[in-house]
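Chemist: Let me see the structure of the following:
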Amino acid sequence: MLNRLYDFVFQFKEYIAVAVCAAASILLLALNDNPQISSLRTAAVASVGFLQDLFDVVPNIVNINAENRALRELNVSLADEVNRLREARLENIRLRGMIGLGDRPRPSHFPANVVGKNLQLLRNTITLDVGQQQGVRPNMPVVTGSGLVGKITAASGRYSIAQILLNKDLRVSAKVQRSRVDGIIRWEGGSSLRLTNVAKKLDVLPGDVIVTSDYSSIYPAGVRIGIVTDAHPVEGSLFQYVEVAPDVDFTRLEEVFVMVSTPDSSRIALEGRISE
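Modeler: Presented below is the predicted three-dimensional model:
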């Protein structure tokens, strides 16, 4: 073993000597407090830092190519999905026309800013900077890109008040998007909602998306409300407990959209006569 080490040192003695001298020189430079040496050391450190920053600017070609390839694949996948959704919508319109059902009207939206909040009571509301001058009327739905916020309850010339989902007086006809199970969304305190009137044997699972149903004369069908976080039978009851986490973060709500939807007056009149 010692012979091998001796042969290795003897064979590379010049390189080893240069390395030892270089290490000793660097050590002496680092320990030397001479002003000239300190200036030289500072200049060397600054040069190394500049070169490092310069090379950091140079992009990694391999990583960029891989990222571009992944983005191209994602773009193709999304374009394919958009085309399939467009075809499905056109097919839906054709089929509804064949069986005598017209295409569902799509309500228009106009933006509004939240200029006031009341989130400490059982009847939580928000104040919007749009009113009757902009065409706002009571019972118009209020939404965001995340989902349903609530509905307009009062409007003046330039302002309006909206009940939000976290309001004990608000009820929304809803359904489970996957299984089409119907229920009523209501708030009973806290940060979550309840989907009520759901029988024990009906198919509701955690993770299901809850949307507005077709049975409401106020809210258009298909607007997202939230996601089921808990569903289990209630002992001694015919119904099950279904907890829903709303998609909208009401504590951070700043901008909303008011949906300009006009309820069918003939339907409301007919349902009113029947209820009487």
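Chemist: Report the separation between residue 257 and residue 68.
Modeler: 36 Å (C-beta to C-beta, to the nearest Å). C-beta here means a position set from N, CA and C on the backbone, and glycine is covered the same way.
Chemist: which sections of this structure are below the confidence cut-off?
Modeler: For the chain, the stretches flagged by pLDDT under 70 are 1-10, 12-13, 24-46, 48-62, 100-107, 261-265, 267-268, 271-272, 275-276.
Chemist: now with 90?
Modeler: 1-110, 118-123, 145, 189-191, 214-218, 220-221, 235-236, 260-276 (pLDDT under 90).
Chemist: the longest helix in it is where?
Modeler: helix 61-98 (DSSP state H).
Chemist: re the thing from before, okay, residue 257 and residue 68: which has more neighbours?
Modeler: residue 257 (16 against 10; other C-beta atoms under 10 Å).
Chemist: Could you pull up the contacting residues of the nearest residue to residue 134 once chain neighbours are set aside?
Modeler: Using C-beta to C-beta, 6 or more residues apart in numbering and skipping residues adjacent in sequence, the residue nearest residue 134 is residue 110, 6.6 Å away. With contact set as C-beta atoms under 8 Å, 6 or more residues apart in numbering, residue 110 has these partners: 130, 134, 135, 257, 258, 260.
Chemist: Which of those fall within strands?
Modeler: 257, 258, 260 (DSSP state E).
Chemist: now these in TSV, with distance to residue 89?
Modeler: Converted to TSV, the ones in strands among the contacts of residue 110 look like this (distance: C-beta to C-beta, whole Å):
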residue	distance to residue 89
257	21
258	25
260	22
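Chemist: which one of those residues sits closest to residue 93?
Modeler: residue 260 (22.2 Å; C-beta to C-beta).
Chemist: State the number of residues packed around the closest residue to the closest one other than its chain neighbours.
Modeler: Residue nearest to residue 260 in three dimensions, not counting chain neighbours: residue 108, with 4.8 Å by C-beta to C-beta, 6+ apart. Around residue 108 there are 11 other residues, counting by other C-beta under 10 Å.
Chemist: Same check on residue 112?
Modeler: Applying other C-beta under 10 Å, we find 23 other residues in the vicinity of residue 112.
Chemist: what residues are up against it?
Modeler: Counted by C-beta under 8 Å, 6+ apart, residue 112 has contacts 128, 129, 130, 142, 160, 255, 256, 257, 258.
Chemist: Kindly give a single PyMOL line that selects the buried subset of those.
Modeler: Burial among the contacts of residue 112 is assessed by 16 or more other C-beta atoms under 10 Å; the matching PyMOL selection reads:
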select buried, resi 128+130+142+160+256+257+258
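Chemist: Of all pairs in the contacts of residue 112, which one is the farthest apart?
Modeler: Farthest apart among the contacts of residue 112 by C-beta to C-beta are 160 and 255. That separation is 14.5 Å.
Chemist: Now do the same contact list for residue 157.
Modeler: By C-beta under 8 Å, 6+ apart, the neighbours of residue 157 are 131, 132, 133.
Chemist: ok, and the closest non-adjacent residue to the second one?
Modeler: Computed as C-beta to C-beta, 6+ apart, the closest residue to residue 132 that is not its neighbour in sequence is residue 155, at 5.1 Å.
Chemist: pretty sure that neighbour is touching residue 137, no?
Modeler: Yes: Residue 155 is within contact range of residue 137, at 6.3 Å (criterion: C-beta atoms under 8 Å).
Chemist: between these two, who's got more neighbours?
Modeler: Counted by other C-beta under 10 Å, residue 155 and residue 137 do not tie: residue 155 has more neighbours, with 22 against 14.
Chemist: Wait, residue 128 touches residue 159, no?
Modeler: Yes: contact criterion C-beta under 8 Å: residue 128 and residue 159 qualify, at 6.7 Å.
Chemist: Overlap of the contact sets of the two?
Modeler: residue 115.
Chemist: buried stuff in stretch 199-216?
Modeler: Quick answer for stretch 199-216 (16+ other C-beta under 10 Å): 202, 204, 208, 209, 210, 211, 212, 213, 216.
Chemist: would a markdown table of these with distance to residue 21 and secondary structure be doable?
Modeler: Listed next are those as a markdown table, based on distance: C-beta to C-beta, whole Å; DSSP: H, G, I helix; E, B strand; the rest coil:
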| residue | distance to residue 21 | secondary structure |
| --- | --- | --- |
| 202 | 85 | coil |
| 204 | 79 | coil |
| 208 | 74 | coil |
| 209 | 72 | strand |
| 210 | 76 | strand |
| 211 | 77 | strand |
| 212 | 81 | strand |
| 213 | 85 | coil |
| 216 | 87 | coil |
